[in-house]
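K.L.:
what's the 3D shape of this:
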Amino acid sequence: MSDAIRVVKASTHKPKPKDAELGFGNVFTDHMFVADFQEEKGWYDPRVEPYGVLPLDPAAAVLHYAQAVFDGLKAFRGVDGKIRLFRPQKHVERLNNSARHMCIPPLDPELALRSLVTLVGIEREWVPKAIGTSLYIRPTIIASEPFLGVRPAKSYIYFVILSPVGAYYPEGMAPVKIRVEERHVRAVEGGLGDAKTGANYAASLMAGEEAKHEGFTQVLWLDGVHRKYIDEVGTMNIMVKIAGEVITPPLTGTILPGVTRDSVLTLLRDWGSKVSERQISIDEVVDADTAGTLEEIFGTGTAAVISPVGELAFKGRRMVINEGKIGPTTQKLYDAIVGIQYGKLPDTRSWTVEV
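P.N.:
Predicted structure coming up:
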């Protein structure tokens with residue numbers, strides 16, 4: 001692909017919402033990044049153009065066989081006024097890993113990074129100012145070849161769109177209620193569990209809706225084979241602290257390799273905390289609750305950073321974690337990552353990229 005990014009500016013501009021009015025993913029900026037792929041040409045024509053409708057044939061492979069991948073990261077306006085992306089190289093790496101998993105040609109990592117930095121640079125006025133708000137970045141690759149037949153497509157579209165988003169916790173971080181899912185399965189080893197693809201999220205919808213109707217925020221997924229080892233919580237990686245040890249499931253192909261997950265593990269190890277990446281059964285969690293050693297449970301992900309679990313329901317039992325309050329490790333991790341994202345703490349690991 002040519003290194004030159006073509007830029008076509010929008011002739012009109014949308015009104016920018018006030019920081020206090022922002023939700024999540026329902027407002028989009030004036031421009032988007034687009035590049036195309038054809039088997040005989042490779043990736044070509046990288047460009048920034050006005051945000052608009054993508055031309056798709058009704059027979060486009062993505063519409064019939066779900067051959068698509070995406071990722072999600074954020075740009076933050078720091079307390080010093082600088083705009084920073086949080087670990088964009090790691091997100092590009094994950095996008096390409098997802099692409100390979102779905103038989104999609106990977107992007108040149110350097111150009112993929114520049115696509116993010118260039119687009120955010122053009123849309124820098126869309127990055128909200130209030131702490132907790134950010135500009136959400138959604139890079140996506142879809143199969144655009146028009147055909148009916150089960151095989152990898154020969155043409156694709158890569159695009160990046162941006163959405164200013166509000167604080168995930170507008171009233172402050174609060175523990176959530178989670179139900180252990182015993183009937184539905186999110187992923188199995190050898191499947192799509194470690195690829196960030198729409199099919200994973202479609203598979204999670206029914207269980208999530210059922211849980212919400214029962215008064216829970218989300219579900220805790222168990223493994224798809226034994227139905228006893230914990231996998232993820234909703235769309236986030238899960239961490240459990242038992243007797244001073246933070247335990248999280250290993251990356252064996254059934255869960256997404258979260259960038260926040262990696263950041264949390266790095267911080268914990270730097271702090272000298274006891275950390276294990278291993279299988280942990282729901283029975284072990286229940287036993288720890290009975291013994292009084294279940295100290296904290298929290299999810300990790302781009303949207304919320306850290307989401308504390310205050311209550312866990314399993315087989316009619318309600319386990320209240322840390323009296324339903326945010327645990328000290330949960331709070332410390334949240335403060336550390338958010339501090340780096342907004343430039344309040346030094347970025348000693350070069351996790352941020354300035355725009």
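K.L.:
CA only for contacts and neighbour counts going forward, please
P.N.:
Fine.
K.L.:
T329 and P50, how far apart?
P.N.:
Distance check for T329 against P50: by CA to CA, to the nearest Å, it reads 44 Å.
K.L.:
I meant A66, not that one.
P.N.:
26 Å.
K.L.:
for V27, same thing?
P.N.:
Counting by CA to CA - V27 and P50 are separated by 15 Å.
K.L.:
okay, these two: which has more neighbours?
P.N.:
More crowded of V27 and P50, by other CA atoms under 10 Å: P50, with 17 against 14.
K.L.:
Which pLDDT value goes with the more buried one?
P.N.:
Looking at P50, its pLDDT reads 98.
K.L.:
what do you get for E245?
P.N.:
97.
K.L.:
which residues does it contact?
P.N.:
Contact analysis of E245 by CA atoms under 8 Å, 6 or more residues apart in numbering lists S273, K274, V275, S276.
K.L.:
tell me the SS of the third one?
P.N.:
Under the three-state scheme (DSSP: H, G, I helix; E, B strand; the rest coil), the conformation of V275 reads as strand.
K.L.:
my guess is it contacts V264, does it?
P.N.:
No - here V275 does not reach V264: they are 10.2 Å apart, not a contact under CA atoms under 8 Å.
K.L.:
Going along the chain, name the strands of the stretch 51-200 of the chain.
P.N.:
68-70, 73-77, 83-86, 134-143, 155-165, 176-180 (DSSP state E, counting those that start in this stretch).
K.L.:
Nearest to A99, out of the ones you listed?
P.N.:
Closest to A99 of the strands of the stretch 51-200 of the chain is strand 68-70 (CA to CA; 6.1 Å).
K.L.:
Report the strands that pair with that closest one, each with its relative direction.
P.N.:
Within its sheet, and counting by DSSP bridges, strand 68-70 is paired with strand 134-143 (antiparallel).
K.L.:
to the chain's geometric centre, what's the distance from the partner strand?
P.N.:
Relative to its parent chain, strand 134-143 has a centroid offset of 11 Å by CA atoms, centre = their mean, to the nearest Å.
K.L.:
what angle separates it from strand 73-77?
P.N.:
Put simply, strand 134-143 runs at 150 degrees to strand 73-77, going by axes from the mean of the first three to the mean of the last three CA atoms, to 10 degrees.
K.L.:
neighbouring contacts of strand 134-143?
P.N.:
For strand 134-143, using CA under 8 Å, 6+ apart, the contacting residues are 25, 60-62, 67-77, 99, 104, 116, 126-128, 153-167.
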